[in-house]
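In: Please work out how this folds:
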Amino acid sequence: MRERRRPAEAIRHSGGRDLRLRGFNRYAPSVVVFFAACIVLLAGPMLIDRLRFAQEQASVHLARLELKNSPLLTQLNNSFQSIARAVEPSVVHITIERDGAGGIFGAQGLPSQGSGWVFDDLGHIVTNHHVVQGASRIEVRFADGLPHKAAFVGGDESTDIAVIRVTSRRVVPITRATGMRVKQGDLVFAFGSPFGFEFSMSSGIVSGHGRQAHLSQNGYENYIQTDAAINPGNSGGPLTNVYGELVGMNMAIAVDPKDPVRSGRFTGVGLAIPLDIIEFVVEQVIKGIPIQRGGLGVTLRDFGPDDEALIRELNLPESGVLITEVQPGSPAHGAGLRVGDVILQAFGQAMTRTETFRTMIHNLLPGSVVRLQVWRDRGVHSFDVVLGDWEAIDAHNALESVWGVSVQALTPQEARRAGLGGGDGVRITAVLPGSLGHRAGLTPCAAVLAVGDSPVESAADLARMLEPIRHGAEVQLTYLDANEARQARTIVLRTGQ
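Out: The predicted model follows:
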């Protein structure tokens, strides 16, 4: 028979269960929290990563929708493609072979490459002078891939501009932005064959203008600076605006001589020749006439830190170019310009650098009228100057400063009596005692007709032909004496006199 529990035992047994339940209830929340924390720690990063990924997907999807639905971007993209289609048919890839030494690029007998662009519908193509200098064979290839032989027409080394011509096909001239000046910030596009990658296109902005790089011996420099990528092979290629119109020609890049690894590679500073200089030179080259440049007949210099006291004392403007010399009988002298005048403006444009002003003047034809704004006597005055022939002005200056000789052109009557064409020959009007000209035996009143076998048609001819005498050469001078009798004598620069 089963024994019944006693009440006390039953009470003790029941109390044990209560104690265990109370203990479980006490720790159960902690256990739940612990396990929840474990679940969060394990599953949380996955949930967070899924949430982040979903947000990124939504953001990318929204951005793509906005880009695809942006009419501005679509229009911009289509415009860039239109620029390429408008310009590409006028761009050429140029390959040059040289039989002898010469030029900047390409070893003797090996081909070198460059770029160019069609100037007119007669087949004239413009490129850099250094691209085709010394070429024995020139071949151009258009965008259709067909090669054509080109002939050298002429060039101007001082501005690094040359003209070649193709007559074996019809061509599409590039549209030129004649009369338009580029501004800093303008969007531009450079075309050419960088590293032989033909008909490439890069974009950038006009970083600056009126730049000088001292690449030209005569200093005809007024370059456009751009960050559009220009590399070897781009030389001679067109630089266009957003309308596909030519504004300049790629010419050079700025390199750090201390960094030979990057030397010759694009560094963010490219230089291009402005269109106004190109048109000025090319039109004369095509006509087959010597390049004529306007001149004032002045010596100029920029203001520098050492001039601060002078600027304050004379109340001079801090910008402008200072006239330090005016040649007698020059266009500047005839217009009334004086030493000490400060040229503030030309062509309505502020002048801050001598080289910029000089280049602008030299890229006008003789006879052009230039209005100058000049600071004088604490006020601004206007002068209209009719430009002369810079080469003649420079030659007269060289003859006077180097040789101590003054000359003037023969009158048409004097030239006819001497059996010369109109305007040929020069007459020596004065010789400075003790000068190089005096020591060489030059005498006043003589009308110089020829030096050696070369006729003297201008003061520039005489200055150039006398130069060998300075290095010990003897030359024969043919001239008319004071009695207009034709004479010939050998002249040599004698030392010790």
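In: quick one: residue 167 and residue 121 touch, right?
Out: No. Here residue 167 does not reach residue 121: they are 11.6 Å apart, not a contact under Cβ atoms under 8 Å. The C-beta positions use only the backbone N, C-alpha and C, and glycine is treated the same way.
In: Would you mind measuring from residue 348 to residue 370?
Out: 11 Å (Cβ to Cβ, to the nearest Å).
In: And the two? Which one has more around it.
Out: Shown here are residue 348 and residue 370; by other Cβ atoms under 10 Å, residue 370 has more neighbours (18 against 7).
In: Now do the helix or strand where that one lies: everything it contacts.
Out: Assessed by DSSP states H and E, residue 370 sits inside strand 369-376. Contacts to strand 369-376, defined as Cβ atoms under 8 Å, 6 or more residues apart in numbering, come from residues 294, 316-317, 320, 337-338, 340-347, 361, 364, 380-387.
In: Now for the residue nearest to residue 409 when sequence neighbours are not counted: which residues touch it?
Out: Residue nearest to residue 409 in three dimensions, not counting chain neighbours: residue 426, with 5.8 Å by Cβ to Cβ, 6 or more residues apart in numbering. Applying Cβ under 8 Å, 6+ apart to residue 426 gives the contacts 407-410, 447-448, 456, 458-459, 461-462.
In: quick one: which of those residues is nearest residue 63?
Out: The closest of the contacts of residue 426 to residue 63 turns out to be residue 458 (Cβ to Cβ; 69.6 Å).
In: Distance check, that closest one against residue 487.
Out: Applying Cβ to Cβ to residue 458 and residue 487 gives a distance of 21 Å.
In: what about those two, which has more around it?
Out: residue 458 (19 against 12).
In: Can you give me the pLDDT of that one?
Out: Looking at residue 458, its pLDDT is 83.
In: rewinding a little: filter the contacts of residue 426 down to just the buried residues.
Out: Among the contacts of residue 426, those buried by neighbour count (16 or more other Cβ atoms under 10 Å) are 407, 409-410, 447-448, 456, 458-459, 461-462.
In: tell me which of those residues is nearest to residue 174?
Out: The closest of the buried ones among the contacts of residue 426 to residue 174 turns out to be residue 458 (Cβ to Cβ; 36.0 Å).
In: who's in contact with the closest one?
Out: When contacts are counted by Cβ under 8 Å, 6+ apart, residue 458 is found next to 391-392, 395, 409, 426.
In: Neighbouring strands - and their directions - for the strand ranked longest in the chain?
Out: Assignment by DSSP state E gives strand 200-211 as the longest strand of the chain. Note on strand 200-211: by DSSP bridges, its sheet partners are strand 187-192 (antiparallel), strand 223-226 (antiparallel).
In: would you turn these into JSON lines with mean neighbour count, mean pLDDT and distance to residue 301?
Out: As requested, the strands paired with strand 200-211 are arranged in JSON lines below (neighbours: other Cβ atoms under 10 Å; pLDDT from 0 to 100; distance: least, Cβ to Cβ, whole Å):
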{"stretch": "strand 187-192", "mean neighbour count": "24", "mean pLDDT": "95", "distance to residue 301": "32"}
{"stretch": "strand 223-226", "mean neighbour count": "25", "mean pLDDT": "92", "distance to residue 301": "21"}
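In: would you list the ones you listed in CSV and tack on distance to residue 466?
Out: Listed next are these as CSV, based on distance: least, Cβ to Cβ, whole Å:
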stretch, distance to residue 466
strand 187-192, 43
strand 223-226, 34
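In: Grab the nearest non-local neighbour of residue 272.
Out: residue 248 (3.6 Å).
In: Let me know the next secondary structure element after the helix or strand containing that neighbour.
Out: Per DSSP H and E, residue 248 falls inside strand 246-253. Sequence-wise, the next helix or strand downstream of strand 246-253 (DSSP H and E) is strand 270-274.
In: Does anything pack onto the next helix or strand along the chain from that following strand? Which helices or strands?
Out: Of the helices and strands lying after strand 270-274 in sequence (DSSP H and E), the nearest is helix 275-287. Judged by 3 or more Cβ pairs under 8 Å, 6 or more residues apart in numbering; DSSP states H and E, helix 275-287 is in contact with strand 124-127, strand 147-156, strand 161-165, strand 246-253.
In: Residue 207 is nearest to which of the ones you listed?
Out: Closest to residue 207 of the helices and strands packed on helix 275-287 is strand 246-253 (Cβ to Cβ; 12.4 Å).
In: The closest one to strand 161-165, inter-axis angle?
Out: Angle, strand 246-253 to strand 161-165, by axes from the mean of the first three to the mean of the last three Cα atoms, to 10 degrees: 110 degrees.
In: Strand 246-253: how far from the chain's middle?
Out: Offset of strand 246-253 from its chain centre (Cα atoms, centre = their mean, to the nearest Å): 6 Å.
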